[in-house]
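>>> Please work out how this folds:
(one chain, ligands or ions: 1)
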Amino acid sequence: MFPIDLSGRKGIVFGVANERSIAWGIAQALSRAGARIALTYQGDRLKERVKSLADTLDGSLTLPCDAADDEQIAQVFHTLKEEFGDISFLIHSIAFANREDLDGQFVDTSREGFRVALEVSSYSLLPLVRHAAPLMTDGGSVVAMTFDASQRVYPGYNVMGTAKAALEHSVRQLAFEYGEKDIRINAISAGPLQTLAARGISGFRDMQHAAAEKAPMKRNITVDEVAHTALFLCSGLSTGITGTIIPVDAGYHIMAV
Ligand SMILES: NC(=O)c1ccc[n+]([C@@H]2O[C@H](COP(=O)([O-])OP(=O)(O)OC[C@H]3O[C@@H](n4cnc5c(N)ncnc54)[C@H](O)[C@@H]3O)[C@@H](O)[C@H]2O)c1
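Have a look, this model is predicted:
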């Protein structure tokens with residue numbers, strides 16, 4: 001039997017683009033544990049791919065959601081309430097910055113590029129939690145995805161580092177606001193993984209090699225390792241944890257040199 005049993009639990013996962021997405025790894029782990037999952041996709045371009053992935057999960061639901069569109073967000077939770085009733089977890093695995101802002105000088109980030117990166121990658125957590133909370137009638141768990149560039153400089157990460165810093169602060173602020181409702185908000189700080197989003201970061205492969213060399217465990221992490229940590233955070237094994245950023249990075253974050 002799977003070590004964590006989420007039978008009868010329901011929840012929603014934002015951020016599946018393809019089979020390499022961290023969100024897809026998490027959705028599969030939650031589904032294997034017995035949970036019923038709703039997946040969202042951004043735009044018609046991704047609809048068929050996400051739907052065909054969702055079809056491999058028992059009882060899943062697929063809904064469109066652009067995280068920058070308040071109406072779509074409201075519609076997602078309206079449908080979710082009709083189809084699932086209540087939910088007990090939400091996964092935020094969404095990030096975006098214009099390609100030109102993930103290369104070159106941070107100082108040259110445009111006003112619009114800065115706004116878009118922070119709106120999609122950080123602000124979006126707020127409306128998702130605001131809408132999800134009323135459905136979390138028996139408490140709940142929200143898990144966001146972040147990266148160490150929130151704290152330290154990774155050349156090339158530029159405005160995405162700023163966005164992750166804002167996301168991590170939002171996790172703490174929301175954890176404070178929802179603590180008494182027994183809704184826990186945490187983030188996983190994952191080591192580098194080859195995904196669609198990672199392809200947009202200049203020098204990503206070098207960064208991944210450097211991480212494997214320097215990490216105490218002398219290797220990169222896997223999507224499954226992130227997914228299992230998300231599963232733990234959505235389970236009854238983590239009920240005392242909120243407002244926390246958990247590194248899943250083979251120990252990379254403890255090293256100074
Ligand atoms: N890959 C890594 O090395 C790594 C490391 C640490 C953290 N992360 C974080 O993990 C999360 C998932 O990224 P990933 O690596 O799985 O890549 P991915 O490209 O598979 O996922 C990013 C997702 O964000 C979605 N997205 C972008 N703009 C959106 C919008 N306006 N509305 C709704 N969805 C939108 C995309 O559709 C996609 O599904 C991101 O927050 C990323 O920053 C990734």
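>>> For stretch 131-146, buried residues please.
H131, A132, A133, L135, M136, G140, S141, V142, V143, A144, M145, T146 (16 or more other Cβ atoms under 10 Å). All C-beta spots, glycine's among them, are computed from the backbone N, C-alpha and C.
>>> er, stretch 201-216 actually
Buried residues in stretch 201-216 (16+ other Cβ under 10 Å): I201, F204, M207, Q208, A211, A212, A215.
>>> Quick one: which of those has the lowest pLDDT value?
Among the buried residues of stretch 201-216, I201 carries the lowest pLDDT, at 83.
>>> low-scoring pLDDT stretches of the chain, where are they?
1-2 (pLDDT under 70).
>>> Spell out which residues of it are next to the ligand.
15-17, 21-23, 42, 65-68, 93-96, 120, 145-147, 190, 192-193, 195-198 (Cβ under 6 Å from any ligand atom).
>>> what about burial for those residues, which qualify?
Looks like those have 15-17, 21-23, 42, 65-68, 93-96, 120, 145-147, 190, 192-193, 195, 197-198 buried, using 16+ other Cβ under 10 Å.
>>> Report the central residue of this protein.
S93 (2.3 Å; Cα atoms, centre = their mean).
>>> I figured that one hits V13, correct?
Yes: checked against Cβ atoms under 8 Å, the pair S93 and V13 is within contact range at 7.1 Å.
>>> Strands of the stretch 1-150 of the chain, start to end?
10-14, 36-41, 61-64, 89-92, 140-146 (DSSP state E, counting those that start in this stretch).
>>> and the second one, what other elements does it pack with?
The reference is to strand 36-41. strand 10-14, helix 22-32, helix 47-54, strand 61-64, helix 70-84 (3 or more Cβ pairs under 8 Å, 6 or more residues apart in numbering; DSSP states H and E).
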